[in-house]
Structure formats: structure tokens, C-alpha cells
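A.B. asks: Coordinates for the following, if possible.
(chains A and B)
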Amino acid sequence: MLDFLYQSGWGALTLMLLMQIPFVIIFLTVVYKKGFVDSGPSSTHPKKYSRVEATWLGFAVVFFVLVNALSIGYMPMVASANSARAAAESNQEVLDVDVTARSWSFDISERTYEAGQPVRFQARSADTMHSFSVYHPDGRVLFTMQLVPGLEQPAARVYTFTKPGRYKVRCLEYCGMIHHAMQDELVVVEKKRS
Amino acid sequence: MLSATAIVQNTPLFGRMFTVDRSTGLEDINAWPSLMVMTSFVWLIAAALLGLLMPAVQLLEVNTNVFYTAITAHGAAMAFPFAFQLMMGVSLHRAGGCLGKKASGILPALMYYCMNIGGVLLTVAVFLGLKISYTVMFPLPLVGVQTGQWSMGLVVLGFTGIALVLTTVIFLYPFQLLRMTFFSRQHQELVLSPRTIKDPGMVGMIMAALVLLLTGTPLMIIAGAIMLGLYGLVPLTAITWATEPVVFQFAFYIFAHNLMEAMAIMVISAVYATLPLYLADGTRKLYSDKLANLALWILLVTSVTSFFHHFYNMFPALPATLSYHGNIMSWGTGMGAALSIFTILATIWKHGIRPEPGLMAILMGFVVYIFDGATAMVIANVAVNNQLHATVAVGGHAMSVLMAMSFMWMGVFYHHYPVITGRKLDRTLGNRFVALYTVGAMGLLFTFQAGGAAGMPRRIADWVQSGYMGYGVLMLIFGLVLSAAFVVYLVNLQRSREIASEGAETAEATA
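C.D. replies: Just a heads-up that it's a prediction; the model follows:
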């Protein structure tokens, strides 16, 4: 469930709906009732307003804290650190891949990886703003690296592909008239048996 | 007669819709605001057509250059000469009527001319080939020259336009608001609805002015340096501190993000000021001014440093700490929204409302605003952002917040229309406008969010080839619905009837 919520766009949409649907039901019910059914002043006791206020704000705080706390393991810097640590603990080599983005192509030092092998992408831009965004074969975005030119330290991400297949790479930061054609491909193959 | 009044009167078609009623003696708070609102709607029409053009261009697989031109011009026109200028006009009228201060003179005139001349210059540059999107994407303007996409002349023209627009947004408008609030002389005959600066309707305005001024000044310094370089007054090598991409980007987004937040603070403030006027029991008071002000303060404090959410994916260039900070602050703005929701609902529940079209536009605009707020908060989570950054989910969020704010401001303008023009609007057309706008705005919001969830990138010109045209068709459909809402709104203004003549007709009919 958490993988769905924090690792897919549809999961994010679900989180949005979890907030939007209750809000709109309550909001429109109140507006309809007090605007079109009975617009007279309510006799609700002031203490009830205070109770509702406290409950509502308490719920908002709990929801906000929960959603963000549960996301920590999925944050890219945390996920990268976890991948790198897991690789070190299992004596697995992290494959270093250098990426240079320039209008309108990617220069990728290695495009084929084994499933289950951690890959450290270090990406830079040579000219204007670009991104190195990798798509799963099913069409969802796996991760995005934002590349601002002129930075000494490249953008970095450690990622472990688990499923063999062809993974599309796209630039998602508008970079000029051929921006839409700035695409590439990574290939993940089955892990070789030793 | 003020020059603004003369311009409105002499404008074909639109002049009648926004004509200033000079008989009330309120020209000093009506004329320039009316001109600004009128001009904003002219820009709206142009920008809306460009918006509809984009999915059409994709569907017909027309030259991609047309798409990139449209996306740059649509975004720039909608954000500044339409939405910001609409806000400027309505807020100046409100501030004048609440404080009894003039919204006329050299500053409003300069605001108007800088905004619109700047908009024209930028539009010309874009149509002649400067395709940089409405976020400029620096250093793309200069890289584009190096790669032969456009000429340096167009960059100079476009940046000059941008500089004029930003001068209005960052300096002239905040100065005018602060001048009206704290310095200029009060004229009792201009007071329509007296407010103090402790009133939630005024507090937000002062906050917005200060946010724009303070967060925009670094960008103006950098933009000013770049302008000197572009005009050859200083060598470009002497201003590398300004042309360093990461410097520009951070200064840009510190301002651009807070521009949106300032506009949100302004419009929530306007909601707080207008809602009480439609309470059924006539109390004309919010449930709690303290809660309303607290919401604004939370929104202000949390929004200023939430701009780091624009840079999460630069890690490790952006340290993780700042990403976490941006995440927490972004969700902190949601706490301000939660307080606003409670205040508004408690006010409505306690006192009842008269569901006039102006108020319904404000309330449904607030619904769109909260829906968009939910999308924004989710996207501002660091983990989620890694999947949704630079998809149409994010572009859709920027569009939705502007749609929501424009909806609310159009509702506020609807409320003030009789005082400005001496004319009354039709209730049926007003309700039709609210319904169409709600459907169009919500439809677009969810289409963009669904497209983003499916991985559809923003600002790409190959929807068909990439398999996203289904979302494009929905964008076109809901865009047409939204456009119909604008048409109905303008038709309502066009058909408005003088209040005096309507009173005479009613008397005649009942005689």
C-alpha cells in the first residue's frame, strides 16, 4: 500500500482525493444547507464550535504528520542511502554511471544493467536546465533528477532496477524547441548466474 | 475626467462593460481599477485562445514550434496581464473604498502602463520566436541564442518586457498598497465600507505587498544586472554573479513561489472581507477575526521558505535538510488553509448566507483553491515529487491555483460591479457563469493531475506520439467549458442595466 502511495503517480492522486473528497462533501453540504435550505442563524452552542475546531485541526495535524512520516523511506536521498548501504553490507558493487545532458541528447556512460544491481547515476547538464527522468516500462515515472548547469556537484541517485525491460529516459525540464525529442533508453537484463 | 475613465469609455466593445459611473464621485477609486480589470479581460481572451490552441495543435499534429509559442505566451499572459492585473484592479478599488484613499495618480498609471507595455513586448518577442516558457528557464534564453533557436534581439526584447512587468509586480503595486494603507490622506467621501488594518480583509493585503517587495527585490537586482548586460552597458563577464544559473534559479523561485503565495494571501483576505457582506442574518462579521488573521499569519510564515520544493530533485546540490524544510513548510501552508476552511464554514453555519452569484463564485473558487491546495501539498512531499516533478501534475497545479484565484477575484469584482459602473448584473447569467467555471476548472484540474499520474510530461509537443492525446482531448473539452464561462461572464457585463433606469422601469411596471 505504501509503495503504491509513494512510488506511483496514481498513489499520489489517491492521497489528493483522500483530502479533497471529505472536504468537498462537508463544504458543499454546509453551503447548500445554509444557503438554499435554511439560511437562518444556527443555534449551535459556542462550545460545539470550539470542539469541532479542535477536532478538525487535530485531525489535520495527525494526517499531515502521518502522510509525511510514512514517506520518509521513499524520499530519494533516503532510498539512495539505503540502497548504497545494502550494497555495502552484501558486498555488492554499485555500478557508477555518468550522465551528461545537453540540448538535445544524453551522454550515458553505460546503458545496460543487471536486475538487482544498484546503479549510482551522477548527472550534469552541459548547457541549460535539463532533467534525467527514468520511466518504468509500464509508463510511470521511477525517478527524476533535476540538472542545473554550472554546479560542481552532480545530481546523484542510487537506484536498483528489479525488473528486466526497456526503461525510457526523458528530459522533463523544458529546454528548447526539440525538448520533446530529448529521449533515450536504458536496458535492464536478467541477473547473470555466477 | 481621469485619463483612465477616458480610455475605458473610448474602448470599443469592452468600454461599455467596464464604464465608470462618474456621478457617484468615486472616480478616484473606480477609474484606474476599472481600466485594469477591463484590460485584464482583453488579455484573458487572447490567453484563453492560446490555451485552446495547444491541445488543438497536438490533435492536428501541427508544427511543434506553434505549440511552444502558445505555451510560452499562454502562461505569461494568464499569470501576469490577466490574473495579476485583475487582482490589482479589484484590490485597489477595495483598498480605496475601505480606507478612503485615492487609487489614482502617477503610481496606478505607471502600474498600468508598465504591466501592459511589458506584456506586449514579451508577447511580440514570443511570437517572433522566443520560446522560453513562462518560467524563463534560465539560462535557456542565452543558450537558445547559442544554439540558433532565436536571436539575441528577441532575448533583449523579451527581457525588457519581463522587466517592465516585474517592476509593476514587485515595486509599483506594493508601493501603491503601502502608500494607501499607511501614508496618503483619507477622503471620507471615498469610504464605502470602513475597515482598519487589523481587519482580516486588510491584513492580507499588507502581507502580500511586503512579500512581493521583499522576495522580489533580489530578483530585480539580478534581472537589472542582466538587463545592463543585454543592453551592452556592462560586459556580460562582469555580471557572472547574476548569470550563474543556480543563482538566477533560486532568486527566481524565491520570488515566483512567493508571488503565488502573496496572491493567495490577497484573495483569501478578499474572501474574508466579502463573505460577511452576504450573511443572511445581516451581522456582517466573520466567525472569528482572530482565527482568520491567524490563518493568514500561518500562511505567510510557512510560505516564505517553502519554495525549496522547486529544487528537491537537485539532490545533493540542494542539501537534504533544505528539502525536508521545504516539505514541512509546504504542508504548513495547509494548516493555514485548514484554519481558513473552518473560519469560512463556521461563519456560514452560524449566520447563513444569501447565495448570490458573486458570493457563489467566491465560494466555489475557494473550493477549487482547496482542491488545488491538496494537490500542491501532495506534490510538495519529497517522495512524491520524485515521480510527479515536471509532469503535467505540476503544470496543472500552477494553472489550477491561478484558475481558483481568478474565480474568486471575478466573484469579488461581480460584487463591486454596481458601485464601479452604476449597473446591475443578471442573476441567471451569474449563476450560469459559476456553474460553467466550476465544471471547467475542476475538469482541467483532474485532467492535469491524472495526466501527471500517468507520467505525462509538461511542456512537450508530442502528445500523440507519446500516447497522451487522450488527456489532451479532455484538456480541450474542459478548456472549452471554461472559455464558455468567461463568455457568459462578459455577456453578463455587456447586458448589464443601469440601476437608475431599472428602478424607473420597476416603478413604471408596478404603477
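A.B. asks: Count the neighbours of A:Q122 for me.
C.D. replies: 18 (other CB atoms under 10 Å in any protein chain shown). C-betas here are computed from N, CA, C, even on glycine.
A.B. asks: Please look at it and A:D98 and confirm they touch.
C.D. replies: Yes: at 5.6 Å, A:Q122 counts as touching A:D98 under the criterion of CB atoms under 8 Å.
A.B. asks: Spell out which parts of the stretch 351-500 of chain B neighbour chain A.
C.D. replies: B:351-355, B:363, B:367, B:370-371, B:374-375, B:377-379, B:381-384, B:386-391, B:393, B:449-450, B:452-455, B:457-462, B:466-467 (CB under 8 Å from any CB of the partner chain).
A.B. asks: so what's in contact with A:Q122 and A:D98 at the same time?
C.D. replies: A:P154 (CB atoms under 8 Å, 6 or more residues apart in numbering or on different chains).
A.B. asks: Mark which of the residues of the stretch 351-500 of chain B next to chain A are buried, thanks.
C.D. replies: Listed as buried from those are B:351-353, B:355, B:363, B:367, B:370-371, B:374-375, B:377-379, B:381-384, B:386-391, B:393, B:449-450, B:452-455, B:457-462, B:466; burial here means 16 or more other CB atoms under 10 Å in any protein chain shown.
A.B. asks: Just the ones in helices from the residues you listed, please.
C.D. replies: Residues of these located in helices (DSSP state H): B:351, B:363, B:367, B:370-371, B:374-375, B:377-379, B:382-384, B:386-388, B:393, B:449-450, B:452-453, B:466.
A.B. asks: What segments of chain A are strands?
C.D. replies: Here chain A has its strands, by DSSP state E, at A:95-102, A:105-108, A:112-114, A:118-125, A:130-135, A:141-147, A:155-160, A:165-170, A:183-189.
A.B. asks: wait, B:E244 sits on A:P149?
C.D. replies: No: look at B:E244 against A:P149 with CB under 8 Å: they stay out of range, at 9.3 Å.
A.B. asks: Around B:M1, count how many other residues there are.
C.D. replies: So B:M1, with other CB under 10 Å, has 10 neighbours.
A.B. asks: just the one 4 residues further on next, same as before
C.D. replies: Counted with other CB under 10 Å, residues neighbouring B:T5 total 20.
A.B. asks: Can you tell me the element it falls in?
C.D. replies: Following DSSP states H and E, one finds B:T5 within helix B:3-9.
A.B. asks: what sits up against the following helix or strand past that helix?
C.D. replies: Scanning forward in sequence from helix B:3-9 by DSSP H and E, the next helix or strand is helix B:14-17. By CB under 8 Å, 6+ apart, the residues outside helix B:14-17 that reach it are B:V8, B:Q9, B:M38, B:F41, B:V42, B:L490, B:L493, B:Q494, B:S496.
A.B. asks: from these, which would you call buried?
C.D. replies: Applying 16+ other CB under 10 Å to the contacts of helix B:14-17 flags B:V8, B:M38, B:F41, B:V42, B:L490, B:L493, B:S496 as buried.
A.B. asks: so how far is B:M17 from the first one?
C.D. replies: Put plainly, it is B:V8. 9 Å (CB to CB, to the nearest Å).
A.B. asks: Mutual contacts of the two, please.
C.D. replies: B:M38.
A.B. asks: what are the ranges of the helices in chain A?
C.D. replies: Listed in chain order, the helices of chain A (DSSP H) span A:2-7, A:9-32, A:46-70, A:76-89.
A.B. asks: Mean pLDDT and distance to chain B added to these, as CSV?
C.D. replies: Shown next, in CSV, are those (pLDDT from 0 to 100; distance: least, CB to the nearest CB, whole Å):
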stretch, mean pLDDT, distance to chain B
helix A:2-7, 92, 5
helix A:9-32, 96, 3
helix A:46-70, 95, 4
helix A:76-89, 91, 5
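A.B. asks: possible to save those as a markdown table with mean neighbour count?
C.D. replies: Output for those, formatted as a markdown table (neighbours: other CB atoms under 10 Å in any protein chain shown):
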| stretch | mean neighbour count |
| --- | --- |
| helix A:2-7 | 16 |
| helix A:9-32 | 17 |
| helix A:46-70 | 13 |
| helix A:76-89 | 16 |
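A.B. asks: Mind putting these into CSV with distance to B:W297?
C.D. replies: CSV is the format used below for these (distance: least, CB to CB, whole Å):
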stretch, distance to B:W297
helix A:2-7, 31
helix A:9-32, 22
helix A:46-70, 15
helix A:76-89, 31
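A.B. asks: Kindly state which of those helices is positioned closest to B:R22.
C.D. replies: Closest to B:R22 of the helices of chain A, according to CB to CB: helix A:9-32, at 37.3 Å.
A.B. asks: Quick one: mean pLDDT over stretch B:59-71.
C.D. replies: Summarised as a single mean, pLDDT over stretch B:59-71 is 93.
A.B. asks: One more: stretch B:322-333?
C.D. replies: So the average pLDDT for stretch B:322-333 ends up being 96.
A.B. asks: Please determine whether that stretch lies in contact with chain A.
C.D. replies: Yes: using CB under 8 Å from any CB, stretch B:322-333 reaches chain A at B:S323, B:N327, B:I328, B:W331.
A.B. asks: which element is the last one on?
C.D. replies: To tie it back to what came earlier, the one meant is B:W331. Judged by DSSP H and E, B:W331 forms part of helix B:320-351.
A.B. asks: Just want the angle from that helix to helix A:46-70.
C.D. replies: 160 degrees (axes from the mean of the first three to the mean of the last three CA atoms, to 10 degrees).
A.B. asks: Can you check the pLDDT for the closest residue in space to B:E261 that isn't next to it in sequence?
C.D. replies: Nearest residue to B:E261, sequence neighbours excluded (CB to CB, 6 or more residues apart in numbering or on different chains): B:S303, at 3.7 Å. On the pLDDT scale, B:S303 is placed at 93.
A.B. asks: can you tell me which helix or strand B:S303 belongs to?
C.D. replies: Going by DSSP H and E, B:S303 is part of helix B:289-304.
A.B. asks: That helix - contacts with which helices or strands?
C.D. replies: On a contact count with 3 or more CB pairs under 8 Å, 6 or more residues apart in numbering or on different chains; DSSP states H and E, helix B:289-304 meets helix B:200-230, helix B:245-274, helix B:320-351.
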